[in-house]
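Peer 1: When you get a sec, could you give me coordinates for this:
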Amino acid sequence: MIQIQHTLVSLDLIEKYFVCDLGACLGACCIEGDAGAPLTQRESDRIAGVYPEIRGEMAPRAVEAVEGEGVSYTDPDGDLVTQIVDGRDCAFTCYAPGGKCLCALEKAFREGRIPDVKPMSCRLYPVRLKEYDGFTAVNMHHWKICRPAETLGRKLGVRAYEFLKGPLTARFGKEWYDELELTAREYLKQKKND
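Peer 2: I've put the predicted structure just below:
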């Protein structure tokens, strides 16, 4: 791990290659797993505010879940997460031809129908944040469904921190990202020389 300001960053973020390959994984990170995407209360409130606009794009069972239980819930670990359907699928998924899973929140935003309310945890994926007293841990989540992203990243020569520049900058600021980028370059240069 390396320290960047008030964060401890996993070396995986620097060492691993990563570029999402939606054509290969079909958006499996939105439909696999046992809990929804981590949220803040503010994000949950904002999603609830735009729900009427995206309701028509959601699956009927997802609409049932949201209208019966809300846009979010507290998972067994005590974290606020997006509502899920059948114990796994994010309620805010919709599908493109060929079975590709898309985010109804992002789709509606790109069409100019709602403000950008996609949760930061979704934008940062495969990065997961863990808040501790006085610092934030920035880790990569490793999951078999992201192997195509690792393969594409390696092929294109793009490291995870580079692929996630936009979301990391949005979450931590430009100065933080610039420090990460400089540290990553120096680390990789040193590693190559060892």
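
Peer 1: In this protein, where's the longest helix?
Peer 2: Scanning the chain for the helix with the most residues, using DSSP state H, yields helix 174-193.

Peer 1: List the buried residues of that one.
Peer 2: Neighbour counts using 16 or more other Cβ atoms under 10 Å place 176, 177, 179, 180, 181, 183, 184 of helix 174-193 among the buried residues. No exception for glycine: its C-beta is placed from N, CA and C like everyone else's.

Peer 1: So which elements touch it?
Peer 2: For helix 174-193, the contact count by 3 or more Cβ pairs under 8 Å, 6 or more residues apart in numbering; DSSP states H and E identifies strand 2-4, helix 12-15, helix 160-163, helix 165-172 as packing neighbours.

Peer 1: and residue 41, which of those is closest to it?
Peer 2: Proximity to residue 41 (Cβ to Cβ) singles out helix 165-172 among the helices and strands packed on helix 174-193, at 16.7 Å.

Peer 1: by contact count, what packs against the closest one?
Peer 2: Contacts defined by 3+ Cβ pairs under 8 Å, 6+ apart place helix 165-172 against helix 120-124, strand 127-132, helix 174-193.

Peer 1: From the rest of the structure, what touches the least confident helix or strand in the chain by mean pLDDT?
Peer 2: Using mean pLDDT, DSSP states H and E, helix 22-25 stands out as the lowest-scoring helix or strand of the chain, at a mean of 84. Applying Cβ atoms under 8 Å, 6 or more residues apart in numbering, the contact partners of helix 22-25 are 100, 145, 146, 148, 149, 152.

Peer 1: which of those are buried?
Peer 2: Buried residues within these, counting neighbours by 16+ other Cβ under 10 Å: 145, 146, 148, 149, 152.

Peer 1: so which of those residues comes closest to residue 136?
Peer 2: Looking across these and measuring by Cβ to Cβ, the closest to residue 136 is residue 146, at 21.8 Å.

Peer 1: Excluding covalently adjacent residues, which one is nearest to the spatially most central residue of the chain?
Peer 2: Centrality entry for the chain: nearest residue to the mean C-alpha point is residue 122, 2.4 Å, by Cα atoms, centre = their mean. Among residues not flanking residue 122 along the chain, residue 37 sits closest, at 5.1 Å (Cβ to Cβ, 6 or more residues apart in numbering).
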